[in-house]
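In: Got a predicted structure plus its sequence, pasted below:
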Amino acid sequence: MRLLILILALVIERLVGEYPNRLHPVVWMGSAIGAAERRAPARGQLLYGALMALGLPSLFAGLGWAVMALPVVDVVVGALLLKACFAIRALGAAGEGVAVAAGRGDLPGARLGLRSLCSRDPSTLSMPELVAGAAESIAENASDSVVAPMFWYAVAGLPGVLFYRTVNTMDAMIGYHGRYEWLGKAAARLDDLLNLIPARLTALLLLIGGALTGEDVRGGLRVMRRDAGKTESPNAGWPMAAMAGLLGVALEKPGCYRLGDSGGPLDADTIRRGWRVIRVASLLAIGGALVASGWASFGGGG
């Protein structure tokens, strides 16, 4: 069943893409997280946040287990839920939106496009900075939105990928410094743990994708080794640094980090070259998940 669910989810991704918000399970996850956040006590937020970080993902993982126990509808419902946990077309479209705006010199359009890729404030960024932000964001999201979901589905099936996606959504909502310093700390650390392998696997797949698309693999490996640890996140720097080296550009978040070396131009083609690499890496990740799911389905693992 695991293989059949993945194949159907990939068909849905290809034909439908993202669901409307009101029908999107990740939006439901966000609503549940928001409801729990609004009920957070003024004191004891670290403990409450830890309970959120374990309880809500377990709830959605339990939904996955329940679906798999349903006769007849398990494949269809399972595929619909699995599709909600990864996004390939949407990631490419978001990157292309910035590339199109950059290609025509549309600074407001590029700033608007970057908002769909990351939470960074683009209002004061120049066009090269917007291009860099888009290139590094699609590289980072290649892990969060493609490789990590495929990895956790291959490892733990539908409950595993739903658990991962809930944690990842919680980290995006409350896992940052400031207002959520204590409430979101457990979610942030759990997200770091769950992405430890997928982020490094993503970097490896990007290097392979770069080799297959004619990018600078030696540069990618060199910059990845040198710069992967420069980001605050223990994981985000791996795919972003690999991408910077592959493309021969510097990807910088002013005041935070600088990955890669200056030299290559930051323009629309930078984003499109990066997306070609990611598309190949995504196909490799999907291929690995199909093989693992086939083994689980026909080798006795479900």
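Out: Everything's here; your move. Numbering: from 1, shown residues only.
In: quick one: contacts for the residue nearest the centre of the chain?
Out: Nearest residue to the geometric centre of the chain (Cα atoms, centre = their mean): Asp144, 1.8 Å. If you count contacts by Cβ atoms under 8 Å, 6 or more residues apart in numbering, Asp144 has them with 168, 195. Yep, even glycine has a C-beta here, placed from its N, CA and C like the rest.
In: And Leu207, how far from Gly113?
Out: Using Cβ to Cβ, to the nearest Å, Leu207 is found at 27 Å from Gly113.
In: Asn21 contacts Val27, correct?
Out: Yes: counting by Cβ atoms under 8 Å, Asn21 touches Val27, with 5.0 Å between them.
In: who has more neighbours, these two?
Out: A count of neighbours by other Cβ atoms under 10 Å puts Val27 above the other of Asn21 and Val27, at 15 against 10.
In: pLDDT wise, what is the more buried one at?
Out: Note on Val27: pLDDT of 96.
In: wait, isn't it in contact with Glu18?
Out: No: assessed by Cβ under 8 Å, Val27 is found out of contact with Glu18, at 10.3 Å.
In: Residue ranges in the stretch 51-200 of the chain under the pLDDT threshold?
Out: Scanning the stretch 51-200 of the chain for pLDDT under 70 picks out no residues.
In: Can you list the buried residues in the longest helix seen in the chain?
Out: Determined from DSSP state H, the single longest helix within the chain is helix 268-298. Buried positions in helix 268-298, judged by neighbour count with 16 or more other Cβ atoms under 10 Å: 268, 270-282, 284-286, 288-290, 292-293, 296-297.
In: For the residue nearest to the centre of the chain, give its distance to Ala236.
Out: Going from Asp144 to Ala236 by Cβ to Cβ gives 9 Å.
In: ditto for Gly210
Out: 18 Å.
In: Comparing these two, which residue is more hemmed in?
Out: Ranked by neighbour count (other Cβ under 10 Å), Gly210 and Ala236 place Gly210 first, with 28 against 24.
In: For Ser58, see how far away the closest residue in space to the more buried one that isn't next to it in sequence is.
Out: Leaving aside its sequence neighbours, Gly210 sits nearest to Leu246 (Cβ to Cβ, 6 or more residues apart in numbering; 4.1 Å). Using Cβ to Cβ, Leu246 is found at 38 Å from Ser58.
In: Settle it for me: which of these two has more neighbours?
Out: Leu246 (29 against 14).
In: Thought Val280 was touching the more buried one, still the case?
Out: No: using Cβ under 8 Å, Leu246 makes no contact with Val280, being 11.3 Å away.
In: shared neighbours of the two, anything?
Out: Going by Cβ under 8 Å, 6+ apart, no residue sits against Leu246 while also sitting against Val280.
In: can you give me the helices for the protein?
Out: Assigned by DSSP H, the chain shows helices spanning 2-15, 25-38, 45-68, 74-84, 89-103, 107-115, 127-142, 148-174, 185-194, 196-213, 217-227, 237-247, 268-298.
In: Show me what the longest one packs onto, helices and strands only.
Out: Contacts defined by 3 or more Cβ pairs under 8 Å, 6 or more residues apart in numbering; DSSP states H and E place helix 268-298 against helix 2-15, helix 89-103, helix 127-142, helix 148-174, helix 196-213, helix 237-247.
In: contacting residues around the fifth one?
Out: By Cβ under 8 Å, 6+ apart, the residues outside helix 196-213 that reach it are 139, 142-143, 146-148, 151-152, 216-217, 220-221, 224, 228, 234-236, 238-239, 241-243, 246, 273, 276-281, 284-285.
In: Not counting sequence-adjacent ones, nearest residue to Asn141?
Out: Leu91 is the one closest to Asn141 (Cβ to Cβ, 6+ apart), at 5.5 Å.
In: low-scoring stretches of the stretch 201-302 of the chain, by residue?
Out: 300-302.
In: mind redoing it with 50?
Out: Counting by pLDDT under 50, the stretch 201-302 of the chain shows low-confidence ranges at 302.
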